[in-house]
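# using only what follows, build the 3D model:
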Amino acid sequence: MKPILAVTMGDPAGIGPEIVVRALSHKDTYEKCRPIVTGDAAVMQEAVSRLGYDFKINAVERISDAKFEHGTIDVYDLHCVDMSTFRFGEVQAQCGNAAFVSIKKAIELAMDNEVDGTVTAPLNKEALNLAGHHFDGHTEIYATFTGTKKYAMMLADENIRVIHVSTHVPLRKACDLVKKARIIEVTELIADACRQFGIENPHIGIAGLNPHSSENGMFGDEEALEIIPAIEDLNARGFNVDGPVPPDSIFAKAKCGKYDGCVAMYH
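Numbers count the residues shown, from 1 in each chain. Predicted coordinates:
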């Protein structure tokens with residue numbers, strides 16, 4: 001059986017609904033999975049019309065009522081947008097709330113084993129916070145509603161996998177968050193992720209924070225005080241890690257296959 005995937009519509013005033021419609025316009029999407037959009041059926045209908053597709057919207061309140069047929073977009077309809085006040089392309093609190101409840105419902109469906117996985121479309125963090133949902137992004141929302149204590153955002157594209165010590169904070173604060181314990185934690189997370197990708201003994205590159213990884217203290221002391229001690233601890237425990245690798249060269253090395261994963265000091 002093909003997996004059922006809950007696809008969030010994203011911020012209705014942004015590109016999310018259009019991306020979802022375009023993704024579901026490809027017949028091969030349905031050959032790989034059974035997608036259902038969590039969000040607002042009227043918003044998805046508006047996106048279909050804007051793009052000029054002749055697709056039907058099947059608004060449902062149960063997964064069992066989905067058709068999972070190409071040409072019909074199943075929407076788990078949350079009735080979360082007032083179309084009479086909706087304005088496309090503008091930051092609105094109701095749109096931030098709509099994006100939020102779409103994500104929350106997708107998580108709930110996954111936690112209840114009604115879907116096999118979730119896929120998220122873009123949200124607008126300003127709108128999200130205007131709606132009173134004070135999260136930095138998807139990662140924090142997922143952590144909260146899955147009860148996950150140790151987590152980090154990881155970006156992956158083919159053989160490049162990057163995890164972050166900090167995300168969505170001012171750069172000045174990000175420097176203060178470069179701590180040994182956190183570096184160890186996210187390295188453990190990406191090593192585990194790589195093993196889930198089938199890499200038995202992942203080689204992890206840990207980036208420095210400062211230019212040239214501080215050049216032995218010439219350009220900062222975070223490497224000496226926090227990053228190198230973390231690397232030494234990890235290697236002593238059997239992890240296959242290098243570093244601190246100058247942050248402007250680590251990704252080129254990863255692209256060439258030197259590293260299975262990279263730890264970046266900030267996002």
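# break this structure down into its domains, please.
4-146, 154-264 (automatic domain parsing).
# can you redo these as CSV with mean pLDDT and mean neighbour count?
In this view, the C-beta of every residue, glycine as well, is placed from N, C-alpha and C. Output for the domains of the chain, formatted as CSV (pLDDT from 0 to 100; neighbours: other Cβ atoms under 10 Å):
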stretch, mean pLDDT, mean neighbour count
domain 4-146, 97, 18
domain 154-264, 94, 17
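# now Leu123: closest residue in space that isn't a chain neighbour?
Leaving aside its chain neighbours, Leu123 sits nearest to Ala99 (4.1 Å; criterion: Cβ to Cβ, 6 or more residues apart in numbering).
# my error: substitute Gly71 in the last question.
Distances taken as Cβ to Cβ, 6+ apart place Phe55 nearest to Gly71, at 5.9 Å, with adjacent residues excluded.
# could you do Ala47 as well?
Nearest to Ala47 is Pro17, by Cβ to Cβ, 6+ apart, at 3.7 Å.
# quick one, what contacts the residue nearest to Val165 when sequence neighbours are not counted?
Leaving out its chain neighbours, the residue that sits closest to Val165 by Cβ to Cβ, 6+ apart is Met265, at 5.0 Å. Taking Cβ atoms under 8 Å, 6 or more residues apart in numbering, we find Met265 in contact with His164, Val165, Ser166, Ala174, Val178, Ala207, Gly208, Leu209, Glu222, Ile227, Pro247.
# one more time with 10 Å
164-166, 174-175, 177-178, 182-183, 186, 206-210, 222-223, 226-227, 244, 247 (Cβ atoms under 10 Å, 6 or more residues apart in numbering).
# ok, now Phe68?
Contacts of Phe68 (Cβ under 10 Å, 6+ apart): Lys2, Ile4, Tyr30, Cys33, Arg34, Pro35, Ile36, Asn58, Asp74.
# distance of it relative to Met9?
Counting by Cβ to Cβ, to the nearest Å, the gap from Phe68 to Met9 is 17 Å.
# where do the helices of the stretch 1-150 of the chain begin and end?
Taking DSSP state H, counting those that start in this stretch, the helices of the stretch 1-150 of the chain run over residues 16-24, 27-32, 41-51, 93-111, 125-130, 138-146.
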